[in-house]
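In: Below: sequence and its predicted model.
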Amino acid sequence: MAVMATGRGPNGQVHEPPLRVESREELVYLLGEACELEHGLLCEYLYAQFSLKRSVAEGVTPEQLVRIQAWETAIIDVIKQEMLHLALATNILSAIGAAPHFERPNFPILSRWYPPDVQIALVPFGERALRHFMYLERPEGMALEDAPGFAALGQMQPLTADDPQLTAGPEEWHTVGHLYRGIEAGLANLVDRYGEASVFIGPPKAQATTEIFEWPQLTAVTDLASASRAIDVIVEQGEGARGDWVSSHFGKFVGVLEDYLAVRTADPSFEPARAVLPVFLRQPPDVDAADLIEDPLTRRVADLFNAVYEVVLQLQSRYFVHHGETAAELDTLAKTVKHLMNWVMRYLGPVLTTRPVGPSYPGRTAGPAFDIVRPSFFVLPHREAAWKILHERLATLGEDAEQLAREPGLSEVAGMAKNLKGFASDLQGHLEARAAKPTTGR
């Protein structure tokens, strides 16, 4: 087994204290942390996927390339489920009357944001990344060591029994399951105290559902029972049902690690990942020391990647705070998010990881840092203005991608440019239809 327990506690179990949720504010705080965690995991997995080598010209054998492609497929399956988990957590937030939470700190996200043993960072595919993924997805109560370089930092002061709760604050949780089960218990506590109608006050139309996003498990959250079902999906897909984690994210990473170690044993020189480094365009205000891209063309590719990532978050935010959109317009918002992920980011990420960082980093290529410029950029609250901004943004990105595609070695960006312009055209069609009926939905 690739799983290595620390041996803490009886039967390898770790004590995970119950979370204290006595107010809507604390519930929103914890759900915000849950959304940040899902968002962070999603980016970690995308980074590892983008770092993988893609041809025998990169120094792997045909047989090894087949294994790499299988590992990428497994990671993509997990990524899709993380997107589902973020949507479900956002549904719960919307159901209790709160705004969607797509903001997060820039990477690396260290323990001053979360409990001391919870850290999120961008790591290329390999043993260290896989052990880190397993640690974050480990079943509730399992004692497991994090990967090297992820030792707990600092201290936190979680809420105590005598703390007031007019304002929310951090709590001591250790695993994804621990956090979500605390949220579930908090929902039940508030329902017992105030009744379901007083807790679940969000508009039902602000829910992402299967009809739009096509995940069978993506159900609307309107009461305690549906919230519990959503949490069950998140926890069981991540860490596995109680005692059964083989098909969960945790189990999938265990299997990939065992396979990777077997290939590495057969060929100790085998390296499936590019020599990527998470790099920023500019020094973020919330990162103490950041590696910056020096190569001018690489900077342009990274800028396009970050802009596409940003508009994905803007589209998601608009979907969850929508007001006045028709069913067809909502469908376009959702489809544009999916298509940007599947038809642009999925291919632009590997293009970026072939690009040099610059002369100060010989042999290193650029890994996307998923820059957060300002979280407030994501929320576009006014329908007509929001659609005009989203259209303008997609059209601008399409033009920029078209120019990039003319540069040496970047011809494959041409297809992404065409897709971006097509998405802008889809939004423009709705704007024109609205303009033809100026009194409708204003």
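Out: Now that the structure is in, tell me what you want to look at. Everything numeric in this text was worked out from a predicted model, so none of it was measured.
In: and His174, what helix or strand is that in?
Out: Under DSSP states H and E, no helix or strand contains His174.
In: residues touching it, list them.
Out: Shown in contact with His174 (CB atoms under 8 Å, 6 or more residues apart in numbering): Val14, Glu16, Pro115, Asp117, Val118. Just so you know, the C-beta spots here come from the backbone N, C-alpha and C atoms, and that holds for glycine as well.
In: which intervals of the chain have sub-threshold pLDDT?
Out: By pLDDT under 70, the low-scoring segments of the chain are 1-15, 151-165, 240-244, 438-442.
In: Select the longest helix from it.
Out: helix 62-95 (DSSP state H).
In: For that one, list every residue counted as buried.
Out: Neighbour counts over helix 62-95 (16 or more other CB atoms under 10 Å) mark 64-65, 67-68, 71-72, 74-75, 78-79, 81-95 as buried.
In: how distant is it from the center of its chain?
Out: How far helix 62-95 lies from its chain's middle: 9 Å, per CA atoms, centre = their mean, to the nearest Å.
In: Check which helices and strands that helix sits against.
Out: helix 24-51, helix 224-238, helix 249-266, helix 296-320 (3 or more CB pairs under 8 Å, 6 or more residues apart in numbering; DSSP states H and E).
In: Most tightly packed of those?
Out: helix 24-51 (a mean of 23; mean count of other CB atoms under 10 Å).
In: for it, the distance to its chain's centre please.
Out: Using CA atoms, centre = their mean, the offset of helix 24-51 from its chain centre is 5 Å.
In: what's the angle between that helix and helix 249-266?
Out: Angle of helix 24-51 versus helix 249-266, following axes from the mean of the first three to the mean of the last three CA atoms, to 10 degrees, is 30 degrees.
In: Packing partners of helix 24-51?
Out: helix 62-95, helix 127-137, helix 176-194, strand 276-279, helix 346-352, strand 365-368.
In: returning to what we had before: among the helices and strands packed on helix 62-95, which is nearest Leu410?
Out: helix 296-320 (7.2 Å; CB to CB).
In: Mind checking what helix or strand follows that closest one in sequence?
Out: helix 327-340.
In: buried stuff in that next one?
Out: By neighbour count with 16+ other CB under 10 Å, helix 327-340 contains the buried residues Glu329, Leu330, Thr332, Leu333, Ala334, Lys335, Thr336, Val337, His339, Leu340.
In: Identify all contacting residues around that helix.
Out: Helix 327-340 is contacted from outside by 208, 212-213, 308, 311-312, 315-316, 318-319, 322, 325, 387, 394, 419, 423, 426-427, 430, using CB under 8 Å, 6+ apart.
In: by how many degrees do it and helix 62-95 diverge?
Out: 150 degrees.
In: how far out from the middle of the chain is helix 327-340?
Out: Computed by CA atoms, centre = their mean, the separation of helix 327-340 from the middle of its chain amounts to 18 Å.
In: Give me the angle between that helix and helix 296-320.
Out: Using the same axes, to 10 degrees: helix 327-340 against helix 296-320 is 150 degrees.
In: May I have helix 327-340 as CSV, with CA atoms only?
Out: Taking C-alpha atoms only, helix 327-340 is exported to CSV below (Å, rounded to 0.1, in the frame of the first residue of the first chain):
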residue,chain,number,x,y,z
ALA,A,327,-33.7,30.0,-19.4
ALA,A,328,-31.8,30.2,-22.7
GLU,A,329,-29.5,32.9,-21.3
LEU,A,330,-28.8,30.8,-18.2
ASP,A,331,-28.0,27.8,-20.4
THR,A,332,-25.5,30.0,-22.4
LEU,A,333,-23.8,31.1,-19.2
ALA,A,334,-23.4,27.5,-18.0
LYS,A,335,-22.3,26.2,-21.4
THR,A,336,-19.8,28.9,-21.8
VAL,A,337,-18.2,28.0,-18.4
LYS,A,338,-17.9,24.4,-19.5
HIS,A,339,-16.6,25.1,-22.9
LEU,A,340,-14.0,27.6,-21.6
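In: so who does the closest residue to His178 other than its chain neighbours touch?
Out: Excluding its sequence neighbours, the residue lying closest to His178 (CB to CB, 6 or more residues apart in numbering) is Glu16, at 4.5 Å. Glu16 makes contact with Glu140, Gly141, Trp173, His174, Thr175, His178, according to CB under 8 Å, 6+ apart.
In: Between the residues you listed, which sits nearest Arg346?
Out: So of the contacts of Glu16, ranked by how close each gets to Arg346 (CB to CB), first place is Thr175, at 28.9 Å.
In: ok, now which ones touch the closest one?
Out: Glu16, Arg138, Pro139, Glu140, Gly141, Met142, Glu239.
In: filter those residues to the buried ones?
Out: Among the contacts of Thr175, the ones that count as buried by 16+ other CB under 10 Å are Glu16, Arg138, Pro139, Glu140, Gly141, Met142, Glu239.
In: what about the closest residue to the second one other than its chain neighbours, distance to Ile234?
Out: The shortest distance from Arg138 to any non-neighbouring residue, by CB to CB, 6+ apart, is to Leu144 (4.8 Å). Applying CB to CB, to the nearest Å, the value for Leu144 to Ile234 is 19 Å.
In: returning to that earlier point: dump the buried ones among the contacts of Thr175 into a markdown table; add distance to Leu410 and secondary structure as well.
Out: Output for the buried ones among the contacts of Thr175, formatted as a markdown table (distance: CB to CB, whole Å; DSSP: H, G, I helix; E, B strand; the rest coil):
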| residue | distance to Leu410 | secondary structure |
| --- | --- | --- |
| Glu16 | 48 | coil |
| Arg138 | 40 | coil |
| Pro139 | 43 | coil |
| Glu140 | 45 | coil |
| Gly141 | 48 | coil |
| Met142 | 45 | strand |
| Glu239 | 40 | coil |
